[in-house]
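K.L.:
Take this sequence and fold it.
(one chain, ligands or ions: 1)
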Amino acid sequence: MPRLAFAQSFWDGYDALEKPVRAGVRKAMAKFQAMTVAELNADKGLHLESVENARDRRIRTIRITDFWRGVVLAPDDGSDVFLLVNVLPHDDAYAWAAKRLYSANTATRALEVRNAVALDELTPLYETAARTAPRLLFADVSDGTLRELGIDDQVLRAARSVVDKAQLEAFSTLLPEDQLEVLQYLAEGFSPEEVYRDVVAVRRPADAPAEPVEDLATVIANTPARIRLVTGQQELEEILEKPFAAWRVFLHPSQRRVAYRTSYGGPVQVTGGPGTGKTVAALHRVKHLLGGSDDGRILLTTYTNALATGLREMLGLLLDEDEKLLARVDVTTVDAYANGVVRAASASAPKPIDDREQRRLWEKVVKQLGLPFTARFLAQEYRHVILGQDLRDLDAYLAASRRGRGTGLGPARRRLLWSGVERFERLLHDRGQTTHLGVCARAAELLAAGPAPYAHVVVDEAQDLHPAQWRVLRAAVPPGPDDLFLTGDPHQRIYDSRVTLGSLGIATAGRSFRLRVNYRSTEEILTWSARLLAPVTVDALEGEGSDSLAGYRSLLHGRQPRTQGYATRREETEALVERVRTLLDEGLAPHEIGVCARFNLSLDAAEEKLKSAGIPVLRVKGQAAQGPEGVRLATMHAMKGLEFRAVSVLGVTEDSVPFAREVTPREMDPLQHDADLLRERCLLFVACTRARETLSVTWSGTPSPFLPQAA
Ligand SMILES: Nc1ncnc2c1ncn2[C@@H]1O[C@H](COP(=O)(O)OP(=O)(O)OP(=O)(O)O)[C@@H](O)[C@H]1O
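P.N.:
Presented below is the predicted three-dimensional model:
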């Protein structure tokens with residue numbers, strides 16, 4: 001009996017197919033599972049037939065309905081896997097199929113597809129232009145090196161005609177997938193050794209024989225990133241029945257490598273720009289870890305309650321709602337987890353106060369003691385130095401390093417400051433209150449006193465955690481293999497946290513990985529957004545050295561982001577309503593549109609105008625972004641971790657981004673001043689990178705100095 005596999009190119013369009021066509025796909029696929037090859041070839045209903053003038057002799061079409069055809073790759077080497085690669089209307093199917101050529105990559109050994117006809121047509125045109133070009137994109141890379149990286153004759157010829165990255169992009173939908181990625185990495189300036197490591201080695205099977213094995217079944221088995229092999233009747237029904245989510249099945253090799261490595265010796269860190277699938281990698285790691293034992297418990301954390309709700313839903317999907325497995329995973333924020341730990345050990349639940357209340361309390365302390373510091377300075381010293389290093393008494397504070405703080409404090413001033421800290425904590429205590437970080441400090445103590453409750457901890461959005469929160473996580477799992485798996489992006493740090501993970505017992509050296517392919521946004525959105533951060537460098541996730549977006553790219557293309565200034569806020573809001581209306585007319589659902597601004601106040605006017613135009617809206621505040629239909633309105637902070645097909649960022653003016661009140665004056669502390677500005681810049685970056693297809697950034701009056709054109 002033959003076996004059946006589905007290529008990603010098929011899934012890309014499957015969800016959009018109408019019901020009768022999907023039913024036709026299911027019926028046809030069931031035949032592949034029930035018949036022998038001879039019976040398939042003879043079946044009248046299926047009508048498995050070759051395609052005239054096909055570049056690939058193995059290409060066949062099958063009948064799905066009267067008007068729709070499936071395109072199948074049929075083995076001609078005695079192996080037994082049939083691959084469904086596309087379902088299209090009759091004429092399109094034949095035209096599509098005739099141009100495609102499938103081949104095994106000589107380096108990765110995976111199955112790739114190219115548009116061989118278009119490549120043959122386009123390459124000579126580019127070659128002519130290349131003859132007079134001052135420089136060719138791959139001039140520094142020899143043919144031998146390209147061949148070692150899996151580039152074959154036809155692609156080599158095309159590559160030799162490429163003068164710049166834009167031209168490579170023009171080839172991108174025609175070239176075989178792995179070879180394209182090799183060329184893209186080289187174009188970004190990575191060395192052939194790096195490209196071999198990051199593109200070839202992650203795909204090439206560990207036991208690949210020296211000479212490539214060409215039979216289709218083996219090559220298909222070598223391509224888990226793009227092909228799903230079906231193992232039985234039930235699986236076939238399940239996967240064709242449910243809405244298909246590519247992230248559950250087709251991991252990028254770099255995602256698969258980090259998520260499914262059998263075991264790591266200790267903490268692992270996975271970084272990558274926005275939308276590179278870090279959350280997806282974290283979820284797959286949880287799946288892998290659950291399979292590693294029958295009873296170990298896992299803590300999966302993220303930054304906000306809304307994101308935790310989203311993660312829980314995604315995990316349910318990934319684990320096919322398997323209650324037994326899901327029961328072994330706690331999905332929550334670090335703060336909520338710490339709160340639970342403290343609550344379990346004391347008579348009442350801790351009552352943490354928010355930042356604004358803390359600020360008020362510090363003002364009271366300054367007044368009561370007549371301290372020569374501002375409330376802001378005290379709050380920052382408390383957060384970064386005292387809680388950051390978990391300093392419990394004056395002696396510890398006197399001896400502490402204040403690295404990262406931009407003003408010196410001698411012993412006398414430290415004593416004075418410490419008196420303020422004692423008063424702050426007493427005031428809190430007398431009111432029966434605490435802070436979120438105070439709860440974390442207590443939770444870490446309680447956890448350290450008993451056996452660690454988890455076998456593994458997986459952390460998403462790791463870039464924003466404070467040392468006190470890291471101590472909770474460190475204490476929640478015993479140090480050792482597979483203890484901590486962290487994903488995060490230092491370019492998206494939007495809370496004021498500075499951490500050196502190594503000093504907290506979380507050393508990731510030798511176990512750091514990077515994801516570079518953006519699955520969310522178009523290259524146009526990504527390139528524009530990356531320019532927001534071009535003037536600055538950001539600290540690495542683990543706190544040592546800096547991080548970069550080198551090689552960060554997208555395979556998707558779309559319109560350029562729009563930036564537009566207006567004379568008044570009213571005009572800006574009216575233009576927003578028009579834009580949203582156009583997007584809805586273009587077929588976007590309201591919940592696929594996100595509108596965001598630096599402040600809630602700025603969103604009120606937008607909400608009112610949209611509502612009076614009859615457009616449903618939903619404010620995203622802390623709660624999950626799911627809910628009734630409506631255009632989502634959120635502050636830039638609340639946009640963290642979310643995504644929308646279209647995003648409008650409003651009010652990007654010089655007084656709002658950066659928001660002066662959130663920026664420490666340079667004369668008070670120059671380092672903190674720079675850190676605050678960077679955080680505000682990252683906030684705008686986070687907001688813009690939530691957009692999948694359409695991004696517009698607007699302001700009224702003077703634009704933010706962070707915007708590229710204003711720089
Ligand atoms: N292998 C994949 N195949 C298809 N889609 C994917 C894959 N990996 C991720 N995605 C999709 O890309 C989008 C971004 O993924 P994800 O949220 O995991 O990225 P992220 O790196 O955590 O983003 P951010 O840091 O911006 O929050 C999501 O829509 C996700 O479903």
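
K.L.:
Can I get stretch 126-137 as CSV, trimmed to CA atoms?
P.N.:
Included here for stretch 126-137 are C-alpha records, laid out as CSV according to Å, rounded to 0.1, in the frame of the first residue of the first chain:
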residue,chain,number,x,y,z
TYR,A,126,19.7,39.1,-15.8
GLU,A,127,22.9,37.7,-17.3
THR,A,128,22.8,40.4,-19.9
ALA,A,129,22.4,43.1,-17.3
ALA,A,130,25.1,41.6,-15.1
ARG,A,131,27.7,41.9,-17.8
THR,A,132,27.9,45.6,-17.3
ALA,A,133,27.2,45.7,-13.6
PRO,A,134,30.1,47.0,-11.5
ARG,A,135,29.8,44.2,-9.0
LEU,A,136,28.0,40.9,-8.6
LEU,A,137,26.4,39.9,-5.3
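
K.L.:
how about it: buried residues?
P.N.:
The neighbour-count check on stretch 126-137 (16 or more other Cβ atoms under 10 Å) flags Tyr126, Ala130, Leu136, Leu137 as buried. Every residue, glycine included, has its C-beta placed from N, CA and C.

K.L.:
Of the residues you listed, which is the nearest to the ligand?
P.N.:
Nearest to the ligand out of those is Leu137 (Cβ to the nearest ligand atom; 27.2 Å).

K.L.:
pLDDT score assigned to that closest one?
P.N.:
pLDDT recorded at Leu137 is 96.

K.L.:
residues in contact with it?
P.N.:
Listed by Cβ atoms under 8 Å, 6 or more residues apart in numbering, the contact set of Leu137 reads Ala159, Val162, Val163, Asp164, Lys165, Gln167, Leu168, Ala187.

K.L.:
What separation is there between it and Asp164?
P.N.:
6 Å (Cβ to Cβ, to the nearest Å).

K.L.:
Same question for Ala158.
P.N.:
According to Cβ to Cβ, Ala158 stands 14 Å off from Asp164.

K.L.:
who has more neighbours, these two?
P.N.:
The residue with more neighbours, out of Ala158 and Asp164 and counting by other Cβ atoms under 10 Å, is Ala158; that gives 24 against 12.

K.L.:
what secondary structure does the more buried one sit in?
P.N.:
On the three-state scheme (DSSP: H, G, I helix; E, B strand; the rest coil), Ala158 is labelled helix.

K.L.:
in which helix or strand would I find Glu181?
P.N.:
Following DSSP states H and E, one finds Glu181 within helix 177-187.

K.L.:
on contacts alone, who are the packing partners of that helix?
P.N.:
Counting contacts by 3 or more Cβ pairs under 8 Å, 6 or more residues apart in numbering; DSSP states H and E, helix 177-187 is packed against strand 111-115, helix 153-159, helix 165-171, helix 192-195.

K.L.:
Any part of it near the ligand?
P.N.:
No - using Cβ under 6 Å from any ligand atom, helix 177-187 stays clear of the ligand, with a minimum separation of 12.9 Å.

K.L.:
centre of the chain versus that helix, how much separation?
P.N.:
In terms of Cα atoms, centre = their mean, to the nearest Å, the gap separating the centre of helix 177-187 from the centre of its chain is 21 Å.

K.L.:
so that helix versus strand 111-115, what angle?
P.N.:
Relative orientation of helix 177-187 and strand 111-115, computed by axes from the mean of the first three to the mean of the last three Cα atoms, to 10 degrees: 80 degrees.

K.L.:
Pull helix 177-187 out as CSV, backbone CA atoms only.
P.N.:
Extracted as CSV, the C-alpha positions of helix 177-187 are listed here (Å, rounded to 0.1, in the frame of the first residue of the first chain):
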residue,chain,number,x,y,z
GLU,A,177,13.9,26.6,-0.8
ASP,A,178,17.1,25.5,0.8
GLN,A,179,19.3,26.9,-1.9
LEU,A,180,17.5,30.2,-1.7
GLU,A,181,18.2,30.4,2.0
VAL,A,182,21.9,29.7,1.5
LEU,A,183,22.0,32.6,-1.0
GLN,A,184,20.1,34.9,1.3
TYR,A,185,22.5,34.2,4.2
LEU,A,186,25.5,34.8,2.0
ALA,A,187,23.9,38.0,0.7
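
K.L.:
Contacts for that helix, please.
P.N.:
Counting by Cβ under 8 Å, 6+ apart, the neighbours of helix 177-187 from elsewhere in the structure are 105, 107-108, 110, 112-113, 137-138, 141, 146, 149-152, 155, 159, 162, 165, 168, 171-172, 175, 192, 194-195, 198-200, 203, 226, 551, 553.

K.L.:
ok, of the residues you listed, which come out buried?
P.N.:
Among those, the ones that count as buried by 16+ other Cβ under 10 Å are 105, 107-108, 110, 112-113, 137-138, 141, 146, 149-152, 155, 159, 162, 168, 171-172, 175, 192, 195, 198-200, 203, 226, 551, 553.

K.L.:
What residues sit buried inside the helix or strand hosting Ala448?
P.N.:
Taking DSSP H and E as the definition, Ala448 sits inside helix 436-449. Within helix 436-449, the residues scored as buried using 16+ other Cβ under 10 Å are His436, Leu437, Gly438, Val439, Cys440, Ala441, Arg442, Ala443, Ala444, Glu445, Leu446, Leu447.

K.L.:
thinking again about what came up before, which one among the contacts of Leu137 gets closest to Tyr337?
P.N.:
For the contacts of Leu137, the minimum distance to Tyr337 (Cβ to Cβ) is 43.7 Å, reached by Ala187.

K.L.:
what's the spacing between the closest one and Arg69?
P.N.:
Going from Ala187 to Arg69 by Cβ to Cβ gives 36 Å.

K.L.:
now Thr434
P.N.:
Note on Thr434: its distance to Arg69, by Cβ to Cβ, is 66 Å.

K.L.:
now swap in Leu549 and tell me
P.N.:
Computed with Cβ to Cβ, the distance linking Leu549 and Arg69 is 42 Å.

K.L.:
So if I had to pick from the two, which one is more boxed in?
P.N.:
Taking Leu549 and Arg69 together and counting by other Cβ under 10 Å, Arg69 has the greater number of neighbours (27 against 20).

K.L.:
For that one, which non-adjacent residue is closest in space?
P.N.:
Distances taken as Cβ to Cβ, 6 or more residues apart in numbering place Ala93 nearest to Arg69, at 3.7 Å, with adjacent residues excluded.

K.L.:
what's the helix or strand hosting Ser529 packed up against?
P.N.:
Take DSSP H and E as the rule and Ser529 turns out to sit in helix 523-533. The contact analysis (3+ Cβ pairs under 8 Å, 6+ apart) places helix 523-533 against strand 553-554, helix 670-688, strand 691-700.

K.L.:
give me the number of residues near whichever residue of the stretch 451-600 of the chain sits closest to the ligand?
P.N.:
Ranked by Cβ to the nearest ligand atom, the top residue of the stretch 451-600 of the chain for proximity to the ligand is Tyr519, at 3.2 Å. As a burial measure, Tyr519 scores 18 neighbours (other Cβ under 10 Å).

K.L.:
for it, what are its contacts?
P.N.:
With contacts defined as Cβ under 8 Å, 6+ apart, Tyr519 is in contact with Trp247, His252, Gly275, Thr276, Gly277, Val280, Ser554.

K.L.:
for Val663, same thing?
P.N.:
His673, Asp676, Leu677, Glu680.

K.L.:
thought the second one was touching Glu662?
P.N.:
Yes - checked against Cβ atoms under 8 Å, the pair Asp676 and Glu662 is within contact range at 6.2 Å.

K.L.:
quick one: common contacting residues for these two?
P.N.:
None of the residues lies in contact with both Asp676 and Glu662 under the rule Cβ under 8 Å, 6+ apart.

K.L.:
higher neighbour count, those two?
P.N.:
Residue environment comparison for Asp676 versus Glu662 gives the larger neighbour count to Asp676, 21 against 14, counting by other Cβ under 10 Å.
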